[in-house]
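>>> pasting the sequence and the predicted model now:
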Amino acid sequence: MSINVRGVTKAFGDFVALDNVDLEIPAGKLVALLGPSGSGKTTLLRIIAGLEFADAGTIAFDGADISQRSPGERQVGFVFQHYALFRHMTVFENIAFGLRVRPRSSRPSEERIRAKVEELLRLIQLRNQASRYPSQLSGGQRQRVALARALAVEPSVLLLDEPFGALDAKVRLELRRWLRNLHDEVHITSIFVTHDQEEALEVADHVAVMNRGKIEQIGAPDDVYNHPATSFVFNFLGSVNLFHGRIEEGTTYIHQTATDHLVFVRPHSLEISRRLPDHPNHFRATTKHINAAGPLVKVEAVTEWGAPVQVEMSQERFRDLSLIKGEEVFVVPTELAVFRSSEGTPVARA
Amino acid sequence: MALALRQRSILPGFGLTLGFSVLYLSLIVLIPLSVTFWKASTLGWGSFWHIVTAARAIASYEVTFGCSLVAAVVNLFFGVLTAWVLVRYTFPLKRLFDSLVDLPFALPTAVAGIALTSIYAPNGWLGRPLLALGVHAAYTRLGIVIALTFIGLPFVVRTVQPVLEDLDSELEEAAASLGAGRWQTFGRVLLPTILPAALTGFALAFARAVGEYGSVIFIAGNMPMRTEITPLLIVTKLEQYDYAGATAIAVAMLVVSFAMLLAINLLQKWSGSRLGREELEVLPIG
């Protein structure tokens, strides 16, 4: 089912959580709402679910306006960050809840409910935990139960609010791959909210980056990552070095004094060398700290004008350079993006 | 078999705190209670049984335990309702209303008894219209129930209130998104969550009502066989210098109270264990 958000605005007192937001989600896609806390992403999700009501604007499912319907009537599955499982019910009863509360006329028979729950337990790989209580499960297991509970009512839309936010790093990684696989199997239109850019880029078909109640950019993960539309998106998706710059005859120069152009360079787009580079756009820096643990070597340095700069290089390159702490080196950006500092709109890429 | 009383813990003072607790409990609770049993045992089994099964005594147990149970049930409903209103809604003078709930704790029970009697007496504010409807409030068992409800009111409110405050609104939202109506959400999600706390409050209100004396004697009328409560029967025996008889009835009352509280405690433990958390202990007072 496609979702159509049009002109949605929501304020809590003086704070504008959503400012005239438009969002189009094609049927069957898995979309991430990515943004820092306070960007309005959870509010948007809750408005789509009907747990919150917009001050202005409409929500349509498959073209039909559902803005005034109650959450139960919208047929959405909602998964909460802190699971919100019913503590006094077993795993089985939690999953069966949505089926048991249906009016008598549309309620499935006991055998049908049993079969449905068994099927979902198989899907979440918790078949032998059916009679346990939520308090006896791990965080990852609880979140899977919450997901099965939401899926039991066969929703037309699945909404997940920071579904992996309360889990530790390893379980998080495992569960998000599992969610991706699950989505490939059931193809239900899904939206999940996250503040973790890595998670959004890895799992989603489309990523909508939100900031201050507005959607800054929406697109495929590689598109959003490689062609950020605004300085905010560039800044938010991965770590970045920020410089001032000036443009002369089509070439961008990194500059130490304030200008009206901001130059963004990712740490892996900076190259360190000992010889004076041929490229005119370079600067000198002194290495301060080297972290060689992990697939990439992370070097922290200080530029000739005293600003910190992050550089990432491969282990191989690091060995060839045999870089040491406190050494003066040349730094050349291999790839950069320039934004006008006042508006955050892109100017040039090199 | 070695019983490990001393567990390794980073918190110091196990010996000191346990020792002090035992001493304190002994001086204040255990020694006085055992003296009661010892005093009653001077009677011999035959006369003990005769005293505690006397028709007047049996009737007083019925009044005390029956009225306490009814009062505790009433408090269970109204207590949950009051706690709900205090937690869920904001209204003018809410703080004042909230503090009023504790008043039955602070008020001397005799004052409560006199106030309730003057209001519910046949010529009182509420007693007169009730009488017109054919309801005799004061000097009947209904009067006793009213007094016991009054003094037990804070217990359920104060045990349920914190649980309701802690209740995550996400639970209700989850139920709503799964298609449950308001009543289904209340009955299937909220009620089971607050049940252990409500049972604790129920047990406390019941225990308090069983031991209540001051407020009841004014409104009860104290007719032997009909509206005489067991604590009053004990006092009557004491006034007649029948110390052994008084303690015999006290022992019977203690045993019954203890058995009932134990049963409520087990029920509460059972409902609490399903929530996967430590259950609150029920302490008999009153």
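Noted; the coordinates are in hand. Numbering: from 1, shown residues only, chains lettered A, B, ... in the order given.
>>> now do the strands in the stretch 251-350 of chain A.
A:251-255, A:261-265, A:270-273, A:283-291, A:296-303, A:308-314, A:328-333, A:337-340, A:346-349 (DSSP state E, counting those that start in this stretch).
>>> show me what the fifth one is packed against.
Read it as strand A:296-303. strand A:283-291, strand A:308-314, helix A:315-321, strand A:328-333 (3 or more Cβ pairs under 8 Å, 6 or more residues apart in numbering or on different chains; DSSP states H and E). Every C-beta, even on glycine, is put in place using the N, C-alpha and C of the backbone.
>>> try it again at 10 Å.
Other elements packing on strand A:296-303 under the criterion 3 or more Cβ pairs under 10 Å, 6 or more residues apart in numbering or on different chains; DSSP states H and E are strand A:270-273, strand A:283-291, strand A:308-314, helix A:315-321, strand A:328-333.
>>> in a markdown table: the strands of the stretch 251-350 of chain A, plus mean neighbour count and distance to A:Val203.
Listed next are these as a markdown table, based on neighbours: other Cβ atoms under 10 Å in any protein chain shown; distance: least, Cβ to Cβ, whole Å:
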| stretch | mean neighbour count | distance to A:Val203 |
| --- | --- | --- |
| strand A:251-255 | 17 | 34 |
| strand A:261-265 | 22 | 25 |
| strand A:270-273 | 18 | 29 |
| strand A:283-291 | 16 | 27 |
| strand A:296-303 | 19 | 22 |
| strand A:308-314 | 18 | 24 |
| strand A:328-333 | 18 | 30 |
| strand A:337-340 | 20 | 25 |
| strand A:346-349 | 16 | 26 |
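>>> A:Val16: which of those strands is closest?
strand A:337-340 (24.0 Å; Cβ to Cβ).
>>> touching that closest one from outside, list them.
Here strand A:337-340 makes contact (Cβ atoms under 10 Å, 6 or more residues apart in numbering or on different chains) with A:226-232, A:234-235, A:240, A:242-243, A:245-247, A:252, A:260-266, A:269, A:345-350.
>>> neighbours of A:Ala166, just the number please.
Counted with other Cβ atoms under 10 Å in any protein chain shown, the neighbours of A:Ala166 add up to 16.
>>> is it true that it lies in a helix?
No - per DSSP: H, G, I helix; E, B strand; the rest coil, A:Ala166 lies outside any helix segment and is coil.
>>> so how far is chain B from it?
12 Å (Cβ to the nearest Cβ, to the nearest Å).
>>> now A:Phe339. Nearest residue, chain neighbours left out?
A:Ser231 (4.1 Å; Cβ to Cβ, 6 or more residues apart in numbering or on different chains).
>>> and the one you found, how far is that from chain B?
35 Å.
>>> next one: A:Ile272
49 Å.
>>> surely that residue meets A:Leu323?
Yes - assessed by Cβ atoms under 10 Å, A:Ile272 is found in contact with A:Leu323 at 6.8 Å.
>>> shared neighbours of these two, anything?
With Cβ under 10 Å, 6+ apart as the test, A:Ile272 and A:Leu323 both reach A:287, A:299, A:301, A:311, A:313, A:317, A:329.
>>> on that earlier part again, so for B:Ser99, which of the helices and strands packed on strand A:296-303 sits nearest?
Of the helices and strands packed on strand A:296-303, nearest to B:Ser99 by Cβ to Cβ is strand A:308-314, at 56.8 Å.
>>> grab the most central residue of chain A for me.
A:Ala200 (3.3 Å; Cα atoms, centre = their mean).
>>> skipping its backbone neighbours, what lies nearest it in space?
In space, A:Ala200 is closest to A:Ala32, 3.7 Å off (Cβ to Cβ, 6+ apart).
>>> so what's that neighbour bridging to?
A:Phe192, A:Val207 (DSSP bridges).
>>> any idea how far it lies from chain B?
From A:Ala32 to chain B the distance is 20 Å (Cβ to the nearest Cβ).
>>> mind showing which ranges of the chain have poor pLDDT?
Assuming you mean chain A. A:258, A:342-345, A:347-350 (pLDDT under 70).
>>> actually, chain B is the one I wanted.
In chain B (pLDDT under 70), the answer is B:1-9, B:273-286.
>>> the longest helix along it packs against which elements?
Longest helix in chain B by number of residues (criterion: DSSP state H): helix B:55-88. The contact analysis (3+ Cβ pairs under 10 Å, 6+ apart) places helix B:55-88 against helix B:45-52, helix B:94-100, helix B:141-166, helix B:191-211, helix B:214-220, helix B:230-239, helix B:243-273.
>>> identify each buried residue in that helix, please.
B:57, B:59-61, B:63-65, B:67-72, B:74-76, B:79-80, B:82-84, B:86-87 (16 or more other Cβ atoms under 10 Å in any protein chain shown).
>>> run the angle between that helix and helix B:230-239 for me.
Interaxial angle, helix B:55-88 versus helix B:230-239 (axes from the mean of the first three to the mean of the last three Cα atoms, to 10 degrees): 130 degrees.
>>> distance between helix B:55-88 and the chain's centre?
7 Å (Cα atoms, centre = their mean, to the nearest Å).
>>> report the angle between it and helix B:191-211.
140 degrees.
>>> now helix B:55-88 against helix B:45-52, angle please.
Using the same axes, to 10 degrees: helix B:55-88 against helix B:45-52 is 60 degrees.
>>> quick one, helix B:55-88 and helix B:141-166 angle?
Using the same axes, to 10 degrees: helix B:55-88 against helix B:141-166 is 30 degrees.
>>> helix B:55-88 to helix B:243-273, inter-axis angle?
Using the same axes, to 10 degrees: helix B:55-88 against helix B:243-273 is 30 degrees.
>>> helices of the stretch 51-200 of chain A, residue ranges please.
Applying DSSP state H, counting those that start in this stretch to the stretch 51-200 of chain A gives helices spanning A:71-74, A:91-100, A:110-123, A:139-152, A:169-186, A:197-203.
>>> residues touching the nearest residue to A:Gln310 once chain neighbours are set aside, list them.
Leaving aside its sequence neighbours, A:Gln310 sits nearest to A:Pro267 (Cβ to Cβ, 6+ apart; 4.3 Å). The contact partners of A:Pro267, by Cβ under 10 Å, 6+ apart, come to A:238-241, A:296, A:298-300, A:309-313.
>>> could you do B:Asn222 as well?
B:139, B:144, B:216, B:228-229, B:232-233, B:236.
>>> which among those residues gets closest to chain A?
Relative to chain A, the closest of the contacts of B:Asn222 is B:Ile144; by Cβ to the nearest Cβ it sits at 35.5 Å.
>>> got a list of what the residue nearest to that closest one when sequence neighbours are not counted touches?
Excluding the flanking residues, the one nearest B:Ile144 by Cβ to Cβ, 6+ apart is B:Cys67, at 4.4 Å. Shown in contact with B:Cys67 (Cβ under 10 Å, 6+ apart): B:141-149, B:209-210, B:212, B:216, B:220, B:227, B:229.
>>> please apply the same query to A:Val91.
A:Val91 neighbours (Cβ under 10 Å, 6+ apart): A:85, A:117, A:121, A:124, A:126-127, A:129-134, A:136-137, A:141-142, A:144-145, A:148-149.
>>> nothing else from me, thank you.
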